[in-house]
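J.: The sequence isn't on hand, but the structure is:
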């Protein structure tokens, strides 16, 4: 799971933001193989006017059509798939440049109903030790993703099966 401040977390899971900027490489620090799906947790930090202004400017520059909400959700709000990690110049308006690593996103999914966490967060990648809470997150993701898939496939309201 990755903790991300708002409004950036919502922009990631809604497919607007295609780069997550971090001071470390995803693949080196955690020895993860890409591509990888990671759960996004929206932090409870207060959203600043500066962040809203910067987000609005970058949304406009990206050509995406997304309206920033008045209130941002917290907790588990979705998943994104990271496909690469680079320090080279990314053409994305979301890349900060400088010393930052660009974690490149190619797919995302926002949960309709965010899941509140009991585990305290931090602004980094988190590996859950709480088995019960981890299972609750997996079950919620399975149900919501199954419902979305069935809707996309035009399936009737049958009992949802986890994927």
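T.: On my side now, so go ahead. As the structure is a prediction and not an experimental result, all values here were calculated from the model.

J.: which intervals of the protein have sub-threshold pLDDT?
T.: Within the chain, the stretches with pLDDT under 70 are 29-30, 117-163.

J.: Tell me which stretches of the protein form strands.
T.: Taking DSSP state E, the strands of the chain run over residues 2-4, 19-22, 36-42, 75-86, 101-115.

J.: Out of these, the one nearest residue 50 is which?
T.: Nearest to residue 50, of all those, is strand 19-22, at 15.7 Å by C-beta to C-beta. Every C-beta, even on glycine, is put in place using the N, C-alpha and C of the backbone.

J.: Packing partners of that closest one?
T.: Packing contacts for strand 19-22, counted by 3 or more C-beta pairs under 8 Å, 6 or more residues apart in numbering; DSSP states H and E, involve strand 101-115.

J.: Residue 13 is in contact with residue 77, correct?
T.: Yes - contact criterion C-beta atoms under 8 Å: residue 77 and residue 13 qualify, at 5.4 Å.

J.: Overlap in contacts, the two.
T.: Residues touching both residue 77 and residue 13 (C-beta atoms under 8 Å, 6 or more residues apart in numbering): 40, 110-111.

J.: By neighbours, which of those residues wins?
T.: residue 40 (25 neighbours; other C-beta atoms under 10 Å).

J.: Dig out what that residue forms beta bridges with.
T.: Beta-bridge partners for residue 40, by DSSP bridges, are residue 2, residue 78.

J.: List the residues that contact it.
T.: Residue 40 neighbours (C-beta under 8 Å, 6+ apart): 1-2, 4, 9, 12-13, 76-80.

J.: Can you tell me which of the residues you listed is nearest residue 89?
T.: Nearest to residue 89 among those: residue 12, at 20.4 Å, using C-beta to C-beta.

J.: ok, back up a step: out of the strands of the chain, nearest to residue 64?
T.: Comparing those by C-beta to C-beta, strand 101-115 comes nearest, at 12.2 Å.

J.: And that closest one, what does it pack against?
T.: Applying 3+ C-beta pairs under 8 Å, 6+ apart, we find strand 101-115 packed against helix 8-13, strand 19-22, strand 75-86, helix 131-152.

J.: Buried residues of that strand, list them for me.
T.: By 16 or more other C-beta atoms under 10 Å, the buried positions in strand 101-115 come out as 101-105, 108-111, 114-115.

J.: returning to what we had before: let's have the strands of the chain in TSV, adding distance to residue 64.
T.: Shown next, in TSV, are those (distance: least, C-beta to C-beta, whole Å):
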stretch	distance to residue 64
strand 2-4	18
strand 19-22	13
strand 36-42	18
strand 75-86	15
strand 101-115	12
